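Chemist: Sequence isn't available, so here's the structure alone:
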Ligand code: FPP
């Protein structure tokens with residue numbers, strides 16, 4: 001697939017003969033699963049069919065991430081803003097999540113993929129919340145690739161909640177504002193204890209972060225592609241990883 005021209009030079013390495021070096025993988029890859037609606041529209045299908053195809057792609061990519069040895073994969077499944085979508089679309093996405101989690105719970109012993117949910121789960125229905133809780137509970141027994149599903153997640157909302165929690169700790173005498181560091185603040189986020197993403201991927205041709213891990217992505221590398229999420233096969237992840245391996249990360253140094 002063509003690479004978006006404005007990022008072409010930055011994404012060099014992708015699409016060339018370079019091969020993926022599995023000994024130099026990023027530890028944490030984060031993906032905005034975008035383009036389901038357009039994928040469906042191109043085929044004359046309802047948007048919900050795009051989400052169903054997107055859920056299958058998620059399953060394939062999560063398994064592939066585990067197989068190649070990524071430590072963390074984080075995906076944006078539902079944002080705090082996605083409630084504005086038509087009610088049928090929202091319930092279709094929630095239904096797909098339930099279906100996926102029911103299947104995942106049954107196969108966890110074999111798959112050994114750990115799962116965690118990042119976001120405010122309180123507005124979800126009881127059945128989905130319970131499935132999330134059970135999935136996380138079973139996950140505590142496994143080591144290996146951890147898949148984080150951002151669900152009712154918004155980056156600004158996450159930071160505001162963290163500030164509130166920190167302020168409450170200060171008021172209770174458990175924290176000292178003068179002693180706060182960036183690392184210490186990170187522990188108040190949903191991602192506390194999880195290393196920052198090294199690589200953020202956005203398919204579908206959009207060049208935005210859309211409130212996805214804004215604090216955590218401060219030093220991430222970005223990879224954009226026109227491929228729509230349902231078409232994002234393992235070979236597309238390889239291209240993103242190869243592009244990542246061609247970058248030089250300096251973290252503000254030289
Ligand atoms: C963005 O595409 C996609 C979403 C808002 C939903 C993502 C949900 C899934 C992939 C299914 C459930 C997830 C799991 C983890 C089983 P869009 O609808 O904004 O696409 P468009 O920009 O082409 O309209």
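Modeler: Everything's here; your move. In this text the structure is predicted, and so the values were computed from the model without any measurement.
Chemist: Neighbours of residue 87, how many?
Modeler: 8 (other CB atoms under 10 Å). C-beta here means a position set from N, CA and C on the backbone, and glycine is covered the same way.
Chemist: my bad, residue 117
Modeler: The burial count for residue 117: 24, using other CB under 10 Å.
Chemist: And residue 120, by the same measure?
Modeler: Residue 120, neighbours per other CB under 10 Å, totals 16.
Chemist: What is the least confident helix or strand in this structure?
Modeler: Across the helices and strands of the chain, mean pLDDT, DSSP states H and E gives its lowest value to strand 12-15, namely a mean of 49.
Chemist: Tell me the strands beside the next helix or strand along the chain from that strand, with direction?
Modeler: Going down the chain from strand 12-15, the next helix or strand is strand 28-32, by DSSP states H and E. Sheet pairing of strand 28-32 (DSSP bridges) gives strand 72-79 (parallel), strand 199-202 (parallel).
Chemist: right, so of the ones you listed, which gets closest to the ligand?
Modeler: Judged by CB to the nearest ligand atom, the one of these that comes nearest to the ligand is strand 72-79, at 4.3 Å.
Chemist: Any buried residues in the closest one, and which?
Modeler: 72-79 (16 or more other CB atoms under 10 Å).
Chemist: before we move on, what about stretch 89-106?
Modeler: So stretch 89-106, judged by 16+ other CB under 10 Å, has buried residues 89, 92-94, 96-98, 100-101, 104-105.
Chemist: low-confidence ranges in the chain?
Modeler: 1-16 (pLDDT under 70).
Chemist: just the helices in it please.
Modeler: Assigned by DSSP state H, the helices in the chain fall at 36-42, 47-68, 87-111, 126-139, 155-171, 182-186, 234-245.
Chemist: Dump the ones you listed to JSON lines, plus distance to residue 145.
Modeler: Formatted as JSON lines, the helices of the chain follow (distance: least, CB to CB, whole Å):
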{"stretch": "helix 36-42", "distance to residue 145": "23"}
{"stretch": "helix 47-68", "distance to residue 145": "4"}
{"stretch": "helix 87-111", "distance to residue 145": "9"}
{"stretch": "helix 126-139", "distance to residue 145": "11"}
{"stretch": "helix 155-171", "distance to residue 145": "23"}
{"stretch": "helix 182-186", "distance to residue 145": "21"}
{"stretch": "helix 234-245", "distance to residue 145": "13"}
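Chemist: okay, the ones you listed, which one's buried deepest?
Modeler: helix 234-245 (a mean of 21; mean count of other CB atoms under 10 Å).
Chemist: Ok, which of the strands paired with strand 28-32 comes nearest residue 168?
Modeler: strand 72-79 (25.4 Å; CB to CB).
Chemist: and the closest one, anywhere near the ligand?
Modeler: Yes. Residues of strand 72-79 are located near the ligand by CB under 6 Å from any ligand atom, namely 75, 77.
Chemist: what's the spacing between residue 204 and residue 70?
Modeler: Distance, residue 204 to residue 70, by CB to CB, to the nearest Å: 21 Å.
Chemist: of these two, who's got more company?
Modeler: residue 70 (24 against 21).
Chemist: In contact with the more buried one: list those residues for me.
Modeler: Neighbouring residues of residue 70 by CB atoms under 8 Å, 6 or more residues apart in numbering: 25-29, 145.
Chemist: most neighbours, which of those residues?
Modeler: For the contacts of residue 70, the largest number of neighbours (other CB under 10 Å) sits with residue 29, at 26 neighbours.
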